[in-house]
Each structure stands twice: as C-alpha cells, then as structure tokens.
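1. Give me the fold of what follows.
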Amino acid sequence: MAKRLALAQTQRVGDPGGSHDISSPALPAGHPFSNVEYAGYWTATEHEDYSFSAWDVNSDYGIVGNDFKINKNFVWCVRDNTK
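-> Here you go, the predicted structure:
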C-alpha cells in the first residue's frame, strides 16, 4: 500500500525551533532537513474564524501565524509513521 503525504496540522507542528527565542534560522544547527526555504510553509489547518485564511509556520523565525489562502507559501509534506 502506498503511503500518503499530507500537510501537517498546526497541532502537530509545535515549535520548529525548539524554543521561543526569535532568531534566524529557527531550525537548530545539524537538523536533518535539506533545501529548507526560510519562509512561510502552509499547514492543512484553516483559520477557525476566517475561511479565506489558513495557518502557516515561518521556518526563518519559528513563528506560527496565518495568511490569506490566495498568497503563495511553501508546502512541507509529512507522513505519519505511527500506524
């Protein structure tokens, strides 16, 4: 069976930098990811009050926020390996 990839939910994203210190980049030295753009990445979570907006994570500073869906952000597909 093929494994499906999806965008992360905001509850699963947490704090990508491991702290609330706002410094660039938010990912710690030696992280296992490659080709990371230090910019906004969409989550699969729509804003609860505004259907025209969705949550995103800024990998430059580790800030979780929201943005208009018409704007362009990066995506980071994830796979749930717990099943």
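
2. So for stretch 29-45, what gets flagged as buried?
-> Using 16 or more other CB atoms under 10 Å as the test for burial, stretch 29-45 gives 36, 40, 41, 42, 43, 45. Every C-beta, even on glycine, is put in place using the N, C-alpha and C of the backbone.

3. and it, what's its mean pLDDT?
-> When pLDDT is averaged along stretch 29-45, the result is 86.

4. what's in contact with stretch 64-74?
-> The contact list for stretch 64-74 (CB atoms under 8 Å, 6 or more residues apart in numbering) reads 10, 13, 37, 39-42, 47, 50, 52-58.

5. returning to that earlier point: list the ones among the buried residues of stretch 29-45 that fall in strands.
-> Using DSSP state E, the members of the buried residues of stretch 29-45 that fall in strands are 40, 41, 42, 43, 45.

6. And the fourth one, how far from residue 30?
-> Using CB to CB, to the nearest Å, one obtains 25 Å as the distance from residue 43 to residue 30.

7. same question, the second one
-> Taking CB to CB as the measure, residue 41 falls 20 Å from residue 30.

8. again, but for residue 40
-> Distance from residue 40 to residue 30, counting by CB to CB: 23 Å.

9. Equivalent analysis for residue 51, please.
-> 39 Å.

10. Check residue 81 too.
-> In terms of CB to CB, residue 81 sits 21 Å off from residue 30.

11. what does residue 57 give?
-> Residue 57 sits 20 Å away from residue 30, going by CB to CB.

12. Over to residue 77?
-> From residue 77 over to residue 30 the distance is 22 Å, taken as CB to CB.

13. Isn't residue 75 up against residue 41?
-> Yes - at 6.4 Å, residue 75 counts as touching residue 41 under the criterion of CB atoms under 8 Å.

14. Where in this protein is the helix or strand with the lowest mean pLDDT?
-> When each helix and strand of the chain is scored by mean pLDDT, DSSP states H and E, helix 10-13 comes last, with a mean of 53.

15. Output stretch 68-79 as CSV - backbone C-alpha positions only.
-> Extracted in CSV, the C-alpha atoms of stretch 68-79 (Å, rounded to 0.1, in the frame of the first residue of the first chain):
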residue,chain,number,x,y,z
PHE,A,68,-4.6,34.6,3.2
LYS,A,69,-5.1,31.5,1.1
ILE,A,70,-4.5,33.5,-2.2
ASN,A,71,-0.9,34.2,-1.1
LYS,A,72,1.9,31.9,-2.1
ASN,A,73,3.8,29.9,0.6
PHE,A,74,5.8,26.8,0.5
VAL,A,75,4.5,23.4,1.5
TRP,A,76,6.2,20.7,3.5
CYS,A,77,4.5,17.3,3.2
VAL,A,78,4.6,14.9,6.1
ARG,A,79,3.9,11.3,6.7
